[in-house]
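Novice: The sequence isn't on hand, but the structure is:
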């Protein structure tokens, strides 16, 4: 799932999710892949950039067109269930920050 | 450098840096560690959360108290030189998005 997200013209929204995983769990990887596919069908979802190091610490940023799109995704049934499992089973700790992207650039090309 | 950043009360700012590294380079790791220490002395720097996977794709989010603090760090001499090296030598591609954090929460604790 690694890779860059699209670069639409700001403003749009970023949900920054940082987390410390517990021990590896194949069920987590399956759920993450399924949720990633589901997110991509979600109205207003603009893409995701994520990485996790060997120490289990990960940062994932999901981009949305609006606050309403974030709220809809947060309440989506399968995703809602996954959030609960994450809290109970998969994450030692996590943080969520919702931010409005004001400008963006990239390179070298 | 893995770990969570502080959770001050919003609003504050996030600089989301995503990048695809080229081949591993010990000089990069040294520079990254030195810059991380330097950032922590920078006025208005609130912390950083970052991860990079085995595929070389990384996401790093740095938090600042204000746009002025971001501008000062962007222009800081050693950091400025590192940005140039990054473009020339270390990154196949990168993206920078500056966003205003509007709300934040965490858990499970």
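Specialist: Thanks, I have it. On a predicted model such as this, the values are computed, not experimentally measured, just so you know.
Novice: can we go C-alpha only for contacts and neighbour counts from here?
Specialist: Noted.
Novice: Number of residues surrounding residue A:73?
Specialist: By the criterion of other C-alpha atoms under 10 Å in any protein chain shown, residue A:73 has 20 neighbours.
Novice: Roughly how far does it sit from chain B?
Specialist: Using C-alpha to the nearest C-alpha, to the nearest Å, we find residue A:73 at a distance of 17 Å from chain B.
Novice: Which parts of chain A are helices?
Specialist: Along chain A, the stretches classed as helices by DSSP state H are A:26-40, A:67-75, A:77-85.
Novice: Count residues in the vicinity of residue A:22, would you?
Specialist: When counting by other C-alpha under 10 Å, one arrives at 14 neighbours for residue A:22.
Novice: Let me see the contact set for it.
Specialist: A:56, A:89, A:90, A:91, A:92 (C-alpha atoms under 8 Å, 6 or more residues apart in numbering or on different chains).
Novice: Which one (most neighbours) among the residues you listed?
Specialist: Most neighbours among the contacts of residue A:22, by other C-alpha under 10 Å: residue A:90, with 20 neighbours.
Novice: hang on, isn't that residue packed against residue A:28?
Specialist: Yes - Residue A:90 lies in contact with residue A:28 (C-alpha atoms under 8 Å); the separation is 7.3 Å.
Novice: Let me see the contact set for the nearest residue in space to residue A:4 that is not next to it in sequence.
Specialist: Computed as C-alpha to C-alpha, 6 or more residues apart in numbering or on different chains, the closest residue to residue A:4 that is not its neighbour in sequence is residue A:49, at 5.8 Å. Applying C-alpha under 8 Å, 6+ apart to residue A:49 gives the contacts A:2, A:3, A:4, A:5, A:60, A:61, A:62, B:18, B:59.
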